[in-house]
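Undergrad: build the 3D model from these lines:
(chains A and B)
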Amino acid sequence: MKNPLTKKEPDQANPKKEVKPKDPLQVEDLLVDGTMKATVTSEGRLISKKDAIKDKEKGIDLLKQREWGLE
Amino acid sequence: MNWWEKNPNRLATEKALMGDKFPQFTLARAATHYRTNGWSIANPGQLYWEGTLTTVSGEKYQVVLTYPNYYPGQEIRAFVIQPYIPELSEAQHRYSDGHLCLYSNDHGGKGQGFGPSMSVTSYVAWSAGWLHAYEIYKMTGTWPQEDI
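TA: Purely as a prediction, here's the structure:
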């Protein structure tokens, strides 16, 4: 019997989340007024920092990451 | 002497940053004059990163970022080499030699400028921003922001 208190195992069948294509106009705000809230993922997608945190996406800030050296 | 021979730690850090942030990019040194689409991408001996960026629409673009001869004193140049993007208008934010007009350019104080405190990863992120702006431009006929 499975202990309900044990940590949930990661989904091995789907280790990488599939990203659905979307309309580029949906990210226009991130290029106009929201540049400080924009993140570029490792693949190159422009997303909001909020979504990056929610989806645990690795990336860098569009504008702020100018510091030299590793984090 | 090349900039990376003068400052090997700088190159090592750039490699580490790219491996962490954009691992699909590879570093190469041009053995011959690297030309494509009628553009001069890298002179013999110059270092460049090449890799793929994918936008939110799912489109994939082959991008090259070429280090200047004097780095970090001079600016990295970024090119989209595949698919070939023809010149559409002056609003396209690309120079006549094919390299992208990015946030690194000052644009009358609106851009971020560039400096020794930056690495190539900033240019990759700005190139990704440029590609998204380009896709919006294709749809609307207007570049979404003047300083990208």
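Undergrad: got a list of what the closest residue to chain B within chain A touches?
TA: Nearest residue of chain A to chain B: A:G44, at 3.0 Å (Cβ to the nearest Cβ). C-beta: built from backbone N, CA, C; applies to glycine. When contacts are counted by Cβ atoms under 8 Å, 6 or more residues apart in numbering or on different chains, A:G44 touches B:T52, B:L53, B:T54, B:T55, B:Y61, B:V124, B:A128, B:L131.
Undergrad: quick check: which helices or strands does the helix or strand harbouring B:G19 pack against?
TA: Counting by DSSP states H and E, the secondary-structure element that holds B:G19 is helix B:8-21. Identification of packing neighbours for helix B:8-21 by 3 or more Cβ pairs under 8 Å, 6 or more residues apart in numbering or on different chains; DSSP states H and E yields helix B:3-6, helix B:120-140.
Undergrad: can we see that at 7 Å?
TA: Based on contacts counted as 3 or more Cβ pairs under 7 Å, 6 or more residues apart in numbering or on different chains; DSSP states H and E, the elements that helix B:8-21 packs against are helix B:120-140.
Undergrad: so how far is B:A128 from A:G59?
TA: A:G59 sits 9 Å away from B:A128, taking Cβ to Cβ, to the nearest Å as the criterion.
Undergrad: between these two, point out the one with more neighbours.
TA: Between A:G59 and B:A128, counting by other Cβ atoms under 10 Å in any protein chain shown, B:A128 is the more crowded of the two (29 against 22).
Undergrad: thought that one was touching B:L53?
TA: Yes - taking Cβ atoms under 7 Å as the definition, B:A128 is a contact partner of B:L53 at 5.2 Å.
Undergrad: near chain A, which residues of chain B?
TA: B:13, B:16-17, B:21-23, B:53-58, B:103, B:112, B:117-119, B:121-122, B:125, B:128-129, B:131-133, B:135-136, B:139, B:144-145, B:148 (Cβ under 7 Å from any Cβ of the partner chain).
Undergrad: thought A:I47 was touching A:D29?
TA: No - because the distance of 11.7 Å does not satisfy Cβ under 7 Å, A:I47 is recorded as not touching A:D29.
Undergrad: higher neighbour count, these two?
TA: Neighbour count, other Cβ under 10 Å: between A:I47 and A:D29, A:I47 has more, with 23 against 14.
Undergrad: ok so the more buried one is a strand residue?
TA: Yes - if the criterion is DSSP: H, G, I helix; E, B strand; the rest coil, then A:I47 is within a strand.
Undergrad: got the contact list for it?
TA: For A:I47, the contacting residues are A:T39, A:T41, A:E57, by Cβ atoms under 7 Å, 6 or more residues apart in numbering or on different chains.
Undergrad: looking at those, which are in strands?
TA: Residues from the contacts of A:I47 lying in strands, with DSSP state E as the criterion: A:T39, A:T41.
Undergrad: any low-confidence regions in chain A?
TA: A:1-17, A:64-71 (pLDDT under 70).
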